[in-house]
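Asker: Using only what follows, build the 3D model:
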Amino acid sequence: MITIPKITMAPHGPVFSTFVQGYWRLGAWNFTAQQRLSFLKSHVELGITTVDNAAIYGNSEQLFGEALKLDKSMREQIEIVSKFGINGVAPSSDSNRVSHYDSSKEAIITSTENSLKRLGVEQLDALLVHRPDLLMNADEVAEAFELLHQSGKVKHFGVSNFSASQFELLQSRLSKPLITNQVEINPLNFNVFEDGTTDQLQRLKTRPMAWSCLAGGSVFDKNSEKAIRLHKTLHELVEEIGASSIEQVIYAWILKHPSKPVALLGSRNLERIKEATGAITLTMNAEQWYRVWVAAKGHGVA
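Answerer: As a prediction, the model looks like this:
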């Protein structure tokens with residue numbers, strides 16, 4: 001069985017698994033509490049010990065917490081990441097309110113305490129700002145983070161979907177380093193490689209968490225010219241690097257980047273999860289990596 005290595009996310013921690021199990025679709029899996037616990041134990045046995053959740057993910061935190069209550073010893077075997085900041089409004093709502101971001105001190109503390117209650121735990125291993133808030137007061141966020149850390153409710157803090165300048169602004173107010181920027185990385189989206197986001201993280205020796213690694217399934221879109229080109233190249237690389245699937249090639253492509261991302265997995269299928277983790281055994285050279293880039297861009301390097 002492949003051993004999933006544990007890695008340090010930033011110079012001062014924390015230690016996460018190279019692959020992270022995402023639970024954002026947990027509410028749609030229709031698992032019983034016991035099935036949820038069995039699923040958790042199965043991916044922990046594979047070495048995937050870090051789990052990702054968020055306040056906005058429906059009842060996912062509550063469902064995860066119900067499973068955790070069935071075997072409280074599992075809390076010591078995992079690292080829990082959650083996120084705050086998106087205040088949703090139900091589609092059926094008749095009010096004039098809209099979904100919005102809220103990074104006020106009060107909102108951060110309230111959201112975190114609610115997440116802890118739903119999860120049934122006393123501490124988060126990491127808390128991330130889910131989306132950049134145009135009204136973010138960095139000093140106020142820093143105050144909330146300091147209170148949550150001093151009270152023992154959160155060990156580490158990070159961000160998600162932040163630009164390099166937004167990351168820098170928040171970090172300038174914090175006494176503790178941000179430990180990650182959770183960003184979209186896949187062969188159809190090169191934004192973070194081109195806008196300075198991963199350059200900054202590499203300089204800080206801070207690993208990104210890569211979400212939507214399969215572009216929400218768009219890499220398999222048979223009606224997209226870009227996806228068709230990409231699909232052809234990925235199939236060629238399956239043979240060249242000894243992969244078992246194009247999904248495995250994509251994860252190998254993501255992990256090769258020198259910013260050293262950890263990859264989020266969203267599947268409920270343990271066989272697909274096992275297959276994805278096989279990417280750590282694959283070697284891809286620079287020409288092969290850029291072949292994926294060229295296929296997606298539709299042109300060669302200048």
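Asker: Just the residues contacting the lowest-mean-pLDDT helix or strand in the chain, thanks.
Answerer: Ranking every helix and strand in the chain by mean pLDDT, DSSP states H and E puts strand 86-87 at the bottom, with a mean of 92. Defining contact as CB atoms under 8 Å, 6 or more residues apart in numbering, one finds that strand 86-87 is touched by 54-56, 99-102, 107, 130-131. Bear in mind the C-beta positions are built from the backbone N, C-alpha and C, glycine included.
Asker: Put the alpha carbons of stretch 189-205 into CSV.
Answerer: Output for stretch 189-205, consisting of C-alpha atoms alone and laid out as CSV, is shown next (Å, rounded to 0.1, in the frame of the first residue of the first chain):
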residue,chain,number,x,y,z
ASN,A,189,-6.9,27.2,-14.7
PHE,A,190,-3.4,28.7,-14.5
ASN,A,191,-4.3,31.9,-12.8
VAL,A,192,-2.4,31.3,-9.5
PHE,A,193,0.7,30.4,-11.5
GLU,A,194,0.5,33.6,-13.5
ASP,A,195,-0.7,36.3,-11.0
GLY,A,196,2.0,35.9,-8.4
THR,A,197,0.1,33.8,-5.9
THR,A,198,2.3,30.7,-6.0
ASP,A,199,5.4,32.9,-6.4
GLN,A,200,4.6,34.5,-3.1
LEU,A,201,3.9,31.1,-1.4
GLN,A,202,7.1,29.6,-2.8
ARG,A,203,9.0,32.6,-1.4
LEU,A,204,7.4,32.2,2.0
LYS,A,205,7.9,28.4,1.9
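Asker: Show me where the stretch 101-250 of the chain has its strands.
Answerer: The residue ranges that make up the strands of the stretch 101-250 of the chain, judged by DSSP state E, counting those that start in this stretch, are 124-129, 154-160, 181-184, 209-211.
Asker: Redo those strands as CSV? Include distance to residue 250, mean pLDDT and mean neighbour count.
Answerer: What follows is the strands of the stretch 101-250 of the chain, written out as CSV (distance: least, CB to CB, whole Å; pLDDT from 0 to 100; neighbours: other CB atoms under 10 Å):
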stretch, distance to residue 250, mean pLDDT, mean neighbour count
strand 124-129, 23, 98, 25
strand 154-160, 21, 98, 23
strand 181-184, 13, 98, 24
strand 209-211, 10, 98, 23
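Asker: Distance to residue 197 for the ones you listed - can I get that in JSON lines?
Answerer: Formatted as JSON lines, those follow (distance: least, CB to CB, whole Å):
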{"stretch": "strand 124-129", "distance to residue 197": "15"}
{"stretch": "strand 154-160", "distance to residue 197": "11"}
{"stretch": "strand 181-184", "distance to residue 197": "6"}
{"stretch": "strand 209-211", "distance to residue 197": "11"}
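Asker: Among the ones you listed, which comes closest to residue 255?
Answerer: Across these, residue 255 has its closest neighbour in strand 209-211 (8.6 Å, CB to CB).
Asker: Which elements pack onto the closest one?
Answerer: With contacts defined as 3 or more CB pairs under 8 Å, 6 or more residues apart in numbering; DSSP states H and E, the secondary structure elements packing on strand 209-211 are strand 154-160, strand 181-184, strand 262-265.
Asker: in its sheet, what does that strand sit against?
Answerer: According to DSSP bridges, the neighbouring strands of strand 209-211, each with its direction, are strand 181-184 (parallel), strand 262-265 (parallel).
Asker: mind checking how far the first one is from the chain centre?
Answerer: So that's strand 181-184. Taking the mean of its C-alpha atoms, strand 181-184 sits 6 Å from the chain's own mean (CA atoms, centre = their mean, to the nearest Å).
Asker: Please apply the same query to stretch 264-284.
Answerer: Taking CA atoms, centre = their mean, the mean C-alpha location of stretch 264-284 is offset from the chain mean by 15 Å.
Asker: What segments of this protein are helices?
Answerer: Remark: helices assigned in the chain by DSSP state H are 33-45, 60-70, 105-119, 138-150, 164-171, 191-194, 197-204, 225-241, 246-256, 270-277, 286-297.
Asker: Residue 231 versus the closest residue to residue 232 other than its chain neighbours, what's the distance?
Answerer: With CB to CB, 6 or more residues apart in numbering as the measure, residue 295 is the residue that lies nearest to residue 232, at 7.1 Å, once sequence neighbours are left out. Residue 295 sits 8 Å away from residue 231, taking CB to CB, to the nearest Å as the criterion.
Asker: The two: which has the busier surroundings?
Answerer: Each of residue 295 and residue 231 has its neighbours counted (other CB atoms under 10 Å); residue 295 has more, 20 against 17.
Asker: who's in contact with the residue nearest to residue 211 when sequence neighbours are not counted?
Answerer: Taking CB to CB, 6+ apart, and ignoring the residues beside it in sequence, residue 211 has residue 264 as its nearest neighbour in space, at 4.8 Å. Listed by CB under 8 Å, 6+ apart, the contact partners of residue 264 are 19-22, 52, 182, 209-213.
Asker: Please consider this matter closed, and thank you.
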